[in-house]
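K.L.:
Can you look at this prediction? I've put the sequence above it.
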Amino acid sequence: MTCFYDRLEQRIAKCGNPVCMGMDPVLKLIPLEGTPEDRIKRFYSDILECCLKRNVQPAVVKPNSAYYECVSVQSMLVLQQLIADYRSAGIPVILDAKRGDIGKSSAAYANAAYDVYRADAVTVSPWMGADSVGPFIREDSENGAYVLLRTSNKGAHDFQDLPVTRSDDPRDVAEAFYSVADKIMEWDADKGYLGAVVGATHPEELEKITAYTVAHKHEIPFLIPGVSIPGVPGGQGGDAKTVLKAIQNGGGKRKFHVLNSSSGLNFAWQRNDTPANYANDCVDALEKLAEACLI
Ligand SMILES: O=c1ccn([C@@H]2O[C@H](COP(=O)(O)O)[C@@H](O)[C@H]2O)c(=O)[nH]1
């Protein structure tokens, strides 16, 4: 059994890029006719087919559950089918659902993500602590979970940057996100089940977090959302090269970090206003992002 993050590292090496393609359907940007569910299914199936045909593949994909839940109950079946299709093509799937609850409810959420939707990995919130994250660590499985550590949004600052006293020494104060990093390293105990979400919009923090984990001899694999692709609308302004250099400057050695773009890839057709060419435009943008990741 190979743990999720070793698998991911192998996969990144094999496909030659660390891109995580988000799959966040927005109906008004899907230029197809039919029921909402059919349009979502065809859209992402066409993109998959085009990736395979052109042999340009993302390392991993990340559907955000919210974008399916808000369409209909039936679209959750589409999500399940898309996860199966991408996995059958050899592309691992991270289900972005940001789970976390009391232990037994977290266990039910973990069963849903890994056994019903059959995702390889899932995003989880650390807010409720060890018993909440624990069920997402499946011993002897190939599954993984990404814990929210320093998110990409503005509001991340509200709690994640709060100064926290970390020992009996009142001078030992640091931002709260370091405590999340500590817990990820403690809960994972080097078994390779836990990664962390760190936003591309905060490269300074990314460098600090990398340096911290390297100093603790426990590099944490990062899922890095918020990347924008130069010349393509969408995303949150994070720059791929800056992100990868931040990891390098922090002393990161492992090649298991993934950079996510959702709207920038999915709706790249907007760049040239070529809706009929949505699949090729997405794959062009993917190629562009993959190139930007060569540093
Ligand atoms: O800190 C976070 C955590 C999750 N996300 C999610 O990633 C994608 C980003 O979409 P873009 O269109 O590339 O901006 C989306 O699903 C978010 O919910 C994040 O952005 N930041």
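P.N.:
Structure's in. What do you need?

K.L.:
Now the stretch 51-200 of the chain against the ligand: closest residue?
P.N.:
Using C-beta to the nearest ligand atom, the single residue of the stretch 51-200 of the chain nearest to the ligand is residue 151, 3.1 Å away. In short, each C-beta sits where N, CA and C put it, glycine included.

K.L.:
Let me know the pLDDT of that residue.
P.N.:
pLDDT, residue 151: 98.

K.L.:
try the one 10 residues further on
P.N.:
The model reports residue 161 with a pLDDT of 97.

K.L.:
Could you give the number of residues near it?
P.N.:
Neighbour count for residue 161, taken as other C-beta atoms under 10 Å: 15.

K.L.:
for it, what are its contacts?
P.N.:
Listed by C-beta atoms under 8 Å, 6 or more residues apart in numbering, the contact partners of residue 161 are 175-177.

K.L.:
Isn't residue 254 up against residue 9?
P.N.:
Yes - Residue 254 is within contact range of residue 9, at 6.6 Å (criterion: C-beta atoms under 8 Å).

K.L.:
more crowded one of those two?
P.N.:
Ranked by neighbour count (other C-beta under 10 Å), residue 254 and residue 9 place residue 9 first, with 20 against 17.

K.L.:
Look up the closest residue to the more buried one, ignoring the ones flanking it.
P.N.:
Excluding its sequence neighbours, the residue lying closest to residue 9 (C-beta to C-beta, 6 or more residues apart in numbering) is residue 256, at 4.1 Å.

K.L.:
helix, strand or coil for the one you found?
P.N.:
coil (DSSP: H, G, I helix; E, B strand; the rest coil).

K.L.:
Can you tell me which of the contacts of residue 161 has the most neighbours?
P.N.:
Comparing the contacts of residue 161 by number of neighbours (other C-beta under 10 Å), residue 177 comes first, having 26 neighbours.

K.L.:
how about the helices in the stretch 51-200 of the chain?
P.N.:
66-69, 74-88, 103-111, 130-133, 156-160, 176-188 (DSSP state H, counting those that start in this stretch).

K.L.:
Redo those helices as a markdown table? Include distance to the ligand.
P.N.:
Listed next are those as a markdown table, based on distance: least, C-beta to the nearest ligand atom, whole Å:
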| stretch | distance to the ligand |
| --- | --- |
| helix 66-69 | 7 |
| helix 74-88 | 13 |
| helix 103-111 | 17 |
| helix 130-133 | 16 |
| helix 156-160 | 7 |
| helix 176-188 | 12 |
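
K.L.:
Of all these, which one comes closest to residue 205?
P.N.:
Closest to residue 205 of these is helix 176-188 (C-beta to C-beta; 7.0 Å).

K.L.:
which strands and helices sit next to that closest one?
P.N.:
In terms of contacts (3 or more C-beta pairs under 8 Å, 6 or more residues apart in numbering; DSSP states H and E), helix 176-188 is packed against helix 130-133, strand 144-150, helix 156-160, strand 163-165, strand 194-198, helix 203-215.

K.L.:
In a markdown table: those, plus mean neighbour count.
P.N.:
As requested, the helices and strands packed on helix 176-188 are exported to a markdown table (neighbours: other C-beta atoms under 10 Å):
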| stretch | mean neighbour count |
| --- | --- |
| helix 130-133 | 18 |
| strand 144-150 | 26 |
| helix 156-160 | 15 |
| strand 163-165 | 11 |
| strand 194-198 | 27 |
| helix 203-215 | 20 |
